[in-house]
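Peer 1: need a structure here:
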Amino acid sequence: MSPPSEVSSPVRAREDALPEYSAEERSLLLQIAHEAILSLLEGRDVSLFTPSAHLAEPRGVFTTLYLNTHLRGCVGYPTALLPLYRAVMETARAAAFDDPRFLPLKAEEASAIKVSLSVLSPVRPISPEEIGVGRHGLLIWEGQRRGLLLPQVAIEHGWDAVTFLEQTCRKAGLPPNAWRGDAKLEAFTAEVFGEI
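Peer 2: Residues are numbered from 1 along each chain as shown. As a prediction, this is how the structure comes out:
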(Lines give C-alpha, C1' and ligand atoms only; values in the text may rest on other atoms or scores of the structure.)
Protein backbone atom coordinates (compact mmCIF):
# COMPACT_ATOMS: atom_id res chain seq x y z
CA MET A 1 0.00 0.00 0.00
CA SER A 2 1.45 3.36 -0.94
CA PRO A 3 1.74 5.90 1.86
CA PRO A 4 -1.03 8.50 1.92
CA SER A 5 -0.20 12.09 1.11
CA GLU A 6 -0.12 14.21 4.27
CA VAL A 7 -0.11 17.80 5.28
CA SER A 8 0.21 19.57 8.58
CA SER A 9 -2.82 21.41 9.84
CA PRO A 10 -2.40 25.15 10.31
CA VAL A 11 -3.43 24.47 13.92
CA ARG A 12 -0.56 22.73 15.65
CA ALA A 13 -1.15 23.23 19.32
CA ARG A 14 1.93 21.88 21.05
CA GLU A 15 3.54 23.64 23.98
CA ASP A 16 6.81 24.11 22.07
CA ALA A 17 5.07 24.77 18.70
CA LEU A 18 7.59 22.46 16.99
CA PRO A 19 6.55 19.19 15.38
CA GLU A 20 7.49 16.17 17.45
CA TYR A 21 6.90 13.74 14.59
CA SER A 22 8.85 13.75 11.34
CA ALA A 23 7.17 13.69 7.93
CA GLU A 24 8.08 9.99 7.67
CA GLU A 25 6.57 9.20 11.07
CA ARG A 26 3.41 11.11 10.23
CA SER A 27 3.06 9.30 6.92
CA LEU A 28 3.56 5.94 8.64
CA LEU A 29 0.96 6.71 11.32
CA LEU A 30 -1.57 7.69 8.64
CA GLN A 31 -0.78 4.50 6.75
CA ILE A 32 -1.26 2.48 9.95
CA ALA A 33 -4.72 4.02 10.39
CA HIS A 34 -5.74 3.04 6.85
CA GLU A 35 -4.27 -0.46 7.22
CA ALA A 36 -6.17 -1.03 10.48
CA ILE A 37 -9.46 -0.14 8.78
CA LEU A 38 -8.80 -2.09 5.58
CA SER A 39 -7.62 -5.23 7.36
CA LEU A 40 -10.86 -5.37 9.35
CA LEU A 41 -12.98 -4.81 6.24
CA GLU A 42 -11.05 -7.53 4.38
CA GLY A 43 -11.07 -9.98 7.30
CA ARG A 44 -7.29 -10.32 7.55
CA ASP A 45 -4.55 -9.61 10.05
CA VAL A 46 -2.90 -6.20 10.13
CA SER A 47 0.32 -6.15 8.12
CA LEU A 48 3.28 -6.48 10.45
CA PHE A 49 5.87 -3.76 10.86
CA THR A 50 8.46 -2.90 13.49
CA PRO A 51 7.66 0.41 15.18
CA SER A 52 10.43 2.79 16.15
CA ALA A 53 10.94 3.47 19.85
CA HIS A 54 9.38 6.90 19.31
CA LEU A 55 6.17 5.51 17.81
CA ALA A 56 6.04 2.87 20.56
CA GLU A 57 5.86 5.50 23.32
CA PRO A 58 2.46 5.61 25.05
CA ARG A 59 0.45 8.65 23.90
CA GLY A 60 -3.13 9.82 23.81
CA VAL A 61 -4.47 10.16 20.28
CA PHE A 62 -7.69 10.92 18.43
CA THR A 63 -8.36 9.63 14.93
CA THR A 64 -10.80 11.64 12.84
CA LEU A 65 -12.18 10.30 9.56
CA TYR A 66 -13.63 12.40 6.75
CA LEU A 67 -15.64 11.31 3.73
CA ASN A 68 -16.03 13.95 1.01
CA THR A 69 -14.84 16.60 3.50
CA HIS A 70 -17.61 15.63 5.97
CA LEU A 71 -16.94 14.14 9.39
CA ARG A 72 -17.34 10.34 9.22
CA GLY A 73 -16.09 9.36 12.67
CA CYS A 74 -13.86 10.48 15.52
CA VAL A 75 -12.68 8.35 18.44
CA GLY A 76 -9.69 8.65 20.70
CA TYR A 77 -7.88 8.13 23.94
CA PRO A 78 -7.24 11.34 25.90
CA THR A 79 -4.58 9.64 28.02
CA ALA A 80 -1.58 7.49 27.15
CA LEU A 81 -3.02 3.98 27.49
CA LEU A 82 -1.15 2.28 24.64
CA PRO A 83 1.91 2.71 22.44
CA LEU A 84 1.06 5.40 19.89
CA TYR A 85 1.08 3.11 16.84
CA ARG A 86 -1.28 0.67 18.62
CA ALA A 87 -3.55 3.51 19.80
CA VAL A 88 -3.78 4.74 16.18
CA MET A 89 -4.82 1.24 15.05
CA GLU A 90 -7.53 0.97 17.69
CA THR A 91 -8.90 4.50 17.36
CA ALA A 92 -8.96 4.28 13.54
CA ARG A 93 -11.01 1.09 13.71
CA ALA A 94 -13.29 2.55 16.37
CA ALA A 95 -13.80 5.76 14.35
CA ALA A 96 -14.68 3.69 11.27
CA PHE A 97 -16.96 1.14 12.88
CA ASP A 98 -17.95 2.13 16.44
CA ASP A 99 -18.65 5.88 16.51
CA PRO A 100 -22.32 5.86 17.60
CA ARG A 101 -23.08 8.94 15.50
CA PHE A 102 -22.49 7.05 12.24
CA LEU A 103 -23.24 3.71 10.62
CA PRO A 104 -20.21 1.42 10.32
CA LEU A 105 -17.96 2.23 7.37
CA LYS A 106 -18.71 0.27 4.21
CA ALA A 107 -16.04 -1.32 2.03
CA GLU A 108 -16.94 0.94 -0.90
CA GLU A 109 -16.31 4.04 1.25
CA ALA A 110 -12.85 2.99 2.46
CA SER A 111 -10.86 4.25 -0.53
CA ALA A 112 -12.34 7.75 -0.17
CA ILE A 113 -11.70 8.10 3.58
CA LYS A 114 -9.25 10.81 4.68
CA VAL A 115 -7.58 10.54 8.08
CA SER A 116 -6.54 13.23 10.55
CA LEU A 117 -4.59 12.40 13.71
CA SER A 118 -4.31 14.47 16.87
CA VAL A 119 -1.47 13.24 19.08
CA LEU A 120 -2.05 14.62 22.56
CA SER A 121 0.21 15.94 25.26
CA PRO A 122 -0.44 14.81 28.84
CA VAL A 123 -3.62 16.31 30.31
CA ARG A 124 -3.12 18.93 33.04
CA PRO A 125 -5.35 21.19 35.15
CA ILE A 126 -5.94 24.66 33.70
CA SER A 127 -7.80 27.77 34.78
CA PRO A 128 -10.27 29.39 32.35
CA GLU A 129 -8.02 32.46 32.08
CA GLU A 130 -5.11 30.34 30.78
CA ILE A 131 -6.99 28.80 27.85
CA GLY A 132 -5.52 29.57 24.45
CA VAL A 133 -8.10 29.10 21.69
CA GLY A 134 -6.55 26.89 19.02
CA ARG A 135 -3.71 26.00 21.38
CA HIS A 136 -5.52 23.97 24.03
CA GLY A 137 -7.99 21.15 23.85
CA LEU A 138 -10.33 20.89 26.81
CA LEU A 139 -11.55 18.09 29.04
CA ILE A 140 -14.26 18.85 31.56
CA TRP A 141 -15.75 16.39 33.98
CA GLU A 142 -18.07 16.17 36.93
CA GLY A 143 -19.06 12.84 38.44
CA GLN A 144 -19.48 10.35 35.58
CA ARG A 145 -19.99 13.03 32.92
CA ARG A 146 -16.98 13.86 30.74
CA GLY A 147 -16.61 16.00 27.66
CA LEU A 148 -13.59 16.56 25.46
CA LEU A 149 -13.02 18.85 22.49
CA LEU A 150 -9.82 18.96 20.46
CA PRO A 151 -7.93 22.28 19.99
CA GLN A 152 -8.88 22.59 16.33
CA VAL A 153 -12.64 22.45 17.06
CA ALA A 154 -12.70 26.00 18.49
CA ILE A 155 -10.92 27.34 15.40
CA GLU A 156 -13.15 25.43 12.96
CA HIS A 157 -16.26 26.95 14.59
CA GLY A 158 -14.84 30.43 15.28
CA TRP A 159 -15.41 30.15 19.04
CA ASP A 160 -13.92 32.35 21.70
CA ALA A 161 -12.69 30.85 24.99
CA VAL A 162 -16.04 31.16 26.79
CA THR A 163 -17.95 29.51 23.94
CA PHE A 164 -15.31 26.75 23.82
CA LEU A 165 -15.81 26.15 27.55
CA GLU A 166 -19.59 26.12 27.17
CA GLN A 167 -19.47 23.69 24.24
CA THR A 168 -17.15 21.36 26.14
CA CYS A 169 -19.67 21.38 29.01
CA ARG A 170 -22.47 20.54 26.56
CA LYS A 171 -20.38 17.68 25.16
CA ALA A 172 -20.22 16.30 28.72
CA GLY A 173 -23.99 16.63 29.13
CA LEU A 174 -23.48 19.37 31.70
CA PRO A 175 -25.06 22.83 31.84
CA PRO A 176 -23.10 25.31 29.69
CA ASN A 177 -21.89 27.24 32.75
CA ALA A 178 -20.70 24.14 34.68
CA TRP A 179 -17.10 25.29 34.13
CA ARG A 180 -17.81 28.17 36.53
CA GLY A 181 -18.85 25.70 39.28
CA ASP A 182 -17.53 22.41 40.62
CA ALA A 183 -16.68 20.75 37.30
CA LYS A 184 -13.00 19.87 36.87
CA LEU A 185 -11.28 21.54 33.93
CA GLU A 186 -8.18 20.14 32.25
CA ALA A 187 -6.33 20.96 29.05
CA PHE A 188 -3.91 19.42 26.61
CA THR A 189 -2.19 20.38 23.40
CA ALA A 190 -2.09 18.34 20.20
CA GLU A 191 0.08 17.84 17.19
CA VAL A 192 -2.49 17.64 14.42
CA PHE A 193 -1.75 16.29 10.95
CA GLY A 194 -3.72 14.64 8.20
CA GLU A 195 -4.21 13.93 4.55
CA ILE A 196 -4.78 16.37 1.73
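Peer 1: beta partners for the most centrally placed residue in the chain?
Peer 2: Among the residues of the chain, the one closest to the centroid is Phe62, at 2.1 Å (C-alpha atoms, centre = their mean). Bridge pairing for Phe62 (DSSP bridges) gives the partners Gly76, Ser118.
Peer 1: Leu150 is in contact with that one, correct?
Peer 2: Yes. Checked against C-beta atoms under 8 Å, the pair Phe62 and Leu150 is within contact range at 6.0 Å. C-beta here means a position set from N, CA and C on the backbone, and glycine is covered the same way.
Peer 1: so what's in contact with these two at the same time?
Peer 2: Both Phe62 and Leu150 are contacted by Ser118, Ala190, under the criterion C-beta atoms under 8 Å, 6 or more residues apart in numbering.
Peer 1: any idea how the protein splits into domains?
Peer 2: Dividing the chain into domains by automatic domain parsing, as the record does, gives the ranges 7-121, 124-190.
Peer 1: want to try JSON lines for those, with mean pLDDT as columns?
Peer 2: Putting the domains of the chain into JSON lines (pLDDT from 0 to 100) gives the following:
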{"stretch": "domain 7-121", "mean pLDDT": "89"}
{"stretch": "domain 124-190", "mean pLDDT": "95"}
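Peer 1: Ile37 touches Asp98, doesn't it?
Peer 2: No. Checked against C-beta under 8 Å, the pair Ile37 and Asp98 is beyond contact range at 11.7 Å.
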